[in-house]
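Novice: Take a look and give me a structure for this.
(2 chains)
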Amino acid sequence: MEDRWQLPLESSGSQASDSPAPFHADGMLRALLLILSVVAIAHAELCRPDAQNAFKVRISIKTALGENAYAWDANEEYLFRAMVAFAMRRYSSKSTTQITNVLLCNVTDRVSFWFVVTDSSKNVTTVPGSEVEAAIRMNRNRINNAFLLSDKTLQFLKITSTLSPPVEPSTPVWIIVFGVVLCLIVAGIVFLIVSGIQKHKKKNKESTERENLEEKVEVTLENGIPCEALDLKAGHINGVFAADDERFTSL
Amino acid sequence: LSATPETPKEDGRPKWDNKFQYILSCIGFAVGLGNVWRFPYLCQIHGGGAFLIPYFIALLFEGIPLLHLELALGQCLRKGSIGAWNTISPYLGGVGVGSWMVSVLVSLYYNTVLTWVMWYFINSFQEPLPWSVCPLNENRTGFNEECYESTAVNYFWYRKTLNITPDIAESGTFQWWLILCLAACWAIVYLCTIRGIETTGKAIYVTAIFPYLVLTIFLIQGLTLPGATEGLIYLFTPNLNTLKNPRVWLDAATQIFFSLSLAFGGLIAFASYNPTKNDCEKDAVTVAIVNSMTSLYASIPVFSVLGFKATTAYWDCLDRNIVNIINEFDLPEESIMRQNYTSWIRFLNSSYPEKIAGLKLKSCDLQEFLDQSVSGTGLAFIVFTQAIILMPGSQAWAILFFIMLFSLGLSSMFGNIEGVFTPLLELQIIPKSAPKELLSGIICLISFLIALCFTLRSGSYWIDIFDRYAGSVPLLVIAFFEVIGIVYIYKIKRFSEDVEWMTGRKLSLFWQITWRFISPLLLLIVFTAFVTLQMQKPPSYTAWNPKYEGFPMKEEKVYPPWVQAICVLLAALPCVCVPLVALFHLVKQKHRSKNPSFVPPEVFSCQGDNS
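Specialist: Numbering: from 1, shown residues only, chains lettered A, B, ... in the order given. Below is the predicted model:
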């Protein structure tokens, strides 16, 4: 804002030294001052909190950048005005918006301020809020990146941002993991069942082999009589000795 | 001869590879999800360290005696629950049938909880974690409304996982992703129990030891988190006044009872695969103490993480207030920090009271955040998942946490399934020539098909019902009849001789007293108190209803009459088996006693078979 004040005074000063007629210079100076004051008052009217078509901006640099935070000074404000002008130019594709059209006011320590975009073609009016909003929304990403901030730390109150959807892969990850887990389980089950069947077969084969072996072994002969023929459980009473029992005294 | 000598113990019954497998299986069965998400909650609401007093008293007079009884019974009779109780006395066969039924009902719903754990596990591989961000609404101007009003974590649990209906009567459709996970869970259970203890004995090395590793990792991580010490101090600060409340004693007794997985029949089955000459007394004491120590050990990382979460929530609350104040008064950033917040508030309140009032600042109280106690699925799937998002490297922590929960639950499932499998194997449901794999396959398949109804949209309400009614009252009844049956029908003198023969030393007076008087009395008191408390108000549940005015608070609803009937059925069915089977045998006996050629069966003795 100081720049604007600086420039006209300088030019008026140079004009004053060149001009031959002193009355002309005085008049010019007074007219200029009048215009300037009107402009200033108009600007003050155009850009103030809750003005029509004005937007409040809130910036949280320390939250976003922590130790790498930069200080908010006049240069940053200039960049901001340039970005808004850029956004307006891109949106309406006519190169009439200048940096001087963007007015900032009420800068606080929070860092928050109000801004408004004036229309140079029509005198002392502001560009409608809807246009400004649309322009900002279209170029939000560029504006954020210029300041190394994000939607949350560079807030335009009243302008809602379109949230980007979370990245979703074509196949949900969980299906892939599930597939892996299921394959492992099925492989384990199949392995156990097959090994169980094999063990069962081996046991059957072993038991039939053992039976065959026992059959061969069992055909043992005792005194020419196969053992099976003898009723080992019941026992045989040898008639020769049976009668002798009476000879012995009973215990 | 080439035939193997028939030693008395080689009766073809499978046996444990070594003693460690047996102890580990019992510990794995006892240590389950309840140790992680129920015990810390009880400690918190019942006066912190003071809760340990009724807990250890209950452990001493209720937990250890009943555990010893079951292990001794199984080891002596070498049969599963149904066979064992039939052998003790045919009139007590109902006790075995009752335990078998409870094991079936609990297996059904317990594996569905594991399904949820698996679902969260396979979703933990995503970056960012799906429960950390809200999805956008249709026109992408904001977040999904249901998610925005509650939290992203709540939304993922109630909507994306359960897709819950607002009322239990509305069943909704099957949720295909839950069906897939349920199939995978039952497949894992089948894989591990396919040949009974042959396979579970190997699997238990992993599933029983792994949770301890993860708990240790979480312990170390948890203690380094900010706010962990607040959580631990809050948990363990004893408040002896709570001991005057009888509710505390009741909770301690029920917690010990359900935590040790008594009366399921699973412990009897595990012990039945032991050699008879085994010190069951030492085993019982070991398992019980390890279970309680695990509960204590698990509560430390749980409370560190909860303390961290409360502190973070408190800081968030403060930060939000600070941002509001800074924006309102246009003060520079970082002018108000958390440390000088209170002095700033006082200053601003005195200078601009209307502005401050207009901001509607929330009062931030750390105690309030710590007081928000949750147990059960809420702890694991809502509170803990929220805390995990805040930790650096959240995927790894989420994966570890859910694998740990899965192992804890799986080792308990082994015990449940063994309680179902062993009696069926002995009853010879399938011909002896058929492989064991077939029976376990049939059990898993049928259970999977029945458990499909828990994958409906109202499934989680039904699981709560099963948990509250099928997995609580019948166990108390069955345990009571177990003790009475052994002490007064089998006669304690006989039993103490059996135990003496098995352990090699005389049964101490402690066991005599507790088995005869203290444990049955305690069980009776607990049962009466429990039922009285349940009957005091009509059974109700809390429903997740986005259309409720108080949303995101849950809506309190009463069960409709047909659901209440099912609750009563679930609680009564296993209990009613006991008198029914006794009655059946009484009638059979009367019928038989008219037959003169009837020979009464031999009286069984533990030592008789093996001498």
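Novice: switch to C-alpha atoms for all contacts and neighbour counts from now on
Specialist: Fine.
Novice: I'd like the average pLDDT over the lengthiest helix in chain A.
Specialist: With secondary structure taken from DSSP state H, chain A has its longest helix at helix A:173-218. Mean per-residue pLDDT for helix A:173-218: 87.
Novice: what does stretch B:547-566 give?
Specialist: The pLDDT scores in stretch B:547-566 average 88.
Novice: From one end of it to the other, what's the distance?
Specialist: Its first and final residues considered, stretch B:547-566 spans 28 Å by CA to CA, to the nearest Å.
Novice: How far away from the center of its chain is it?
Specialist: 24 Å (CA atoms, centre = their mean, to the nearest Å).
Novice: So for that stretch, what gets flagged as buried?
Specialist: B:552, B:554-555, B:558-559, B:563-564 (16 or more other CA atoms under 10 Å in any protein chain shown).
Novice: got a list of contacts for that stretch?
Specialist: For stretch B:547-566, contacts defined as CA atoms under 8 Å, 6 or more residues apart in numbering or on different chains pick out B:149-150, B:168-169, B:538-546.
Novice: Kindly report the same for stretch B:510-523.
Specialist: Contacts for stretch B:510-523 (CA under 8 Å, 6+ apart): B:61-62, B:65-66, B:476, B:479-480, B:483-484, B:487, B:492.
Novice: Please save the CA atoms from the one helix or strand residue B:247 maps to in PDB.
Specialist: Assigned by DSSP states H and E, residue B:247 belongs to helix B:246-259. In PDB, the C-alpha atoms belonging to helix B:246-259 read as follows (Å, rounded to 0.1, in the frame of the first residue of the first chain):
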ATOM      1  CA  PRO B 246     -20.400 -57.100  46.100                       C
ATOM      2  CA  ARG B 247     -20.500 -56.600  42.400                       C
ATOM      3  CA  VAL B 248     -16.700 -56.500  42.400                       C
ATOM      4  CA  TRP B 249     -16.400 -59.900  44.100                       C
ATOM      5  CA  LEU B 250     -18.900 -61.300  41.700                       C
ATOM      6  CA  ASP B 251     -17.000 -60.000  38.700                       C
ATOM      7  CA  ALA B 252     -13.800 -61.400  40.100                       C
ATOM      8  CA  ALA B 253     -15.300 -64.800  40.600                       C
ATOM      9  CA  THR B 254     -16.900 -65.000  37.200                       C
ATOM     10  CA  GLN B 255     -13.800 -63.700  35.500                       C
ATOM     11  CA  ILE B 256     -11.600 -66.400  37.100                       C
ATOM     12  CA  PHE B 257     -14.200 -69.000  36.200                       C
ATOM     13  CA  PHE B 258     -14.600 -68.100  32.600                       C
ATOM     14  CA  SER B 259     -11.000 -67.200  32.100                       C
END
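Novice: Got phi/psi on the residue in chain A that chain B sits nearest to?
Specialist: Per CA to the nearest CA, residue A:110 is where chain A lies closest to chain B, at 3.8 Å. Dihedral pair for residue A:110: phi -60, psi -30, per degrees, to the nearest 10.
Novice: again, but for the one 10 residues further on
Specialist: As for residue A:120, its main-chain torsions (degrees, to the nearest 10) stand at phi -70, psi -30.
Novice: wait, what's in contact with it?
Specialist: Residues near residue A:120 by CA under 8 Å, 6+ apart: A:96-97, A:101.
Novice: go on, residue B:228?
Specialist: B:222, B:303-308.
Novice: Residues of chain B that sit close to chain A?
Specialist: Contact residues (CA under 8 Å from any CA of the partner chain) of chain B with chain A: B:2, B:122-123, B:125-126, B:135-136, B:140-142, B:181, B:184, B:187-188, B:190-191, B:326-327, B:330-334, B:437.
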